[in-house]
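[1] coordinates only, sequence not included:
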């Protein structure tokens, strides 16, 4: 079975990520409080909610734009180390798939 993801599939992935981090933020905060400042769940929830809003309000975004602009928004709302890490990963991914309308396993 070949993997083929289009723009709408990427949007759905971001919605699922936001929903998952919203649901699990307290659990992640609790884990983080054992070794850190206890805000990781909140950061991930805020970050992926921002990504989800970015892709939902701008249906014209390409896959590359969803990744790069979503990463920028993630970083802006989190203000934490994870923000710059996720932004860097999403930006690199966006550049790697520039001009692609469909992603396959090799692209992933």
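    Nice, I can see it. Source: prediction; values computed, not measured. Numbering: from 1, shown residues only.
[2] contacts for stretch 90-108?
    Around stretch 90-108, the neighbours that count as contacts under Cβ atoms under 8 Å, 6 or more residues apart in numbering are 2-7, 10, 51, 62-68, 70-72, 74. No exception for glycine: its C-beta is placed from N, CA and C like everyone else's.
[3] again, but for stretch 34-53
    For stretch 34-53, contacts defined as Cβ under 8 Å, 6+ apart pick out 14-15, 17-18, 21-22, 24-32, 70-71, 73-78, 80, 82-83, 86, 90.
[4] now the longest helix along the chain: buried residues?
    Secondary structure of the chain per DSSP state H: the longest helix is helix 7-33. For helix 7-33, the neighbour count (16 or more other Cβ atoms under 10 Å) marks 7, 10, 11, 14, 17, 18, 21, 25, 28, 29, 32 as buried.
[5] next, the buried residues of the host helix or strand of residue 47.
    Using DSSP states H and E, residue 47 sits in helix 40-57. Across helix 40-57, burial judged by 16+ other Cβ under 10 Å covers 40-52, 54-55.
[6] try stretch 74-85
    For stretch 74-85, a neighbour-count test (16+ other Cβ under 10 Å) marks 74, 75, 77, 78, 80, 82, 83 as buried.
[7] now residue 103. Its backbone dihedrals?
    phi -110, psi 140 (degrees, to the nearest 10).
[8] measure it to residue 38 for me?
    The gap separating residue 103 from residue 38 is 35 Å, by Cβ to Cβ, to the nearest Å.
[9] in the chain, where is pLDDT below threshold?
    By pLDDT under 70, the weakly predicted segments of the chain are 1.
[10] residue 69 falls within a helix, correct?
    Yes. Per DSSP: H, G, I helix; E, B strand; the rest coil, residue 69 lies within a helix segment.
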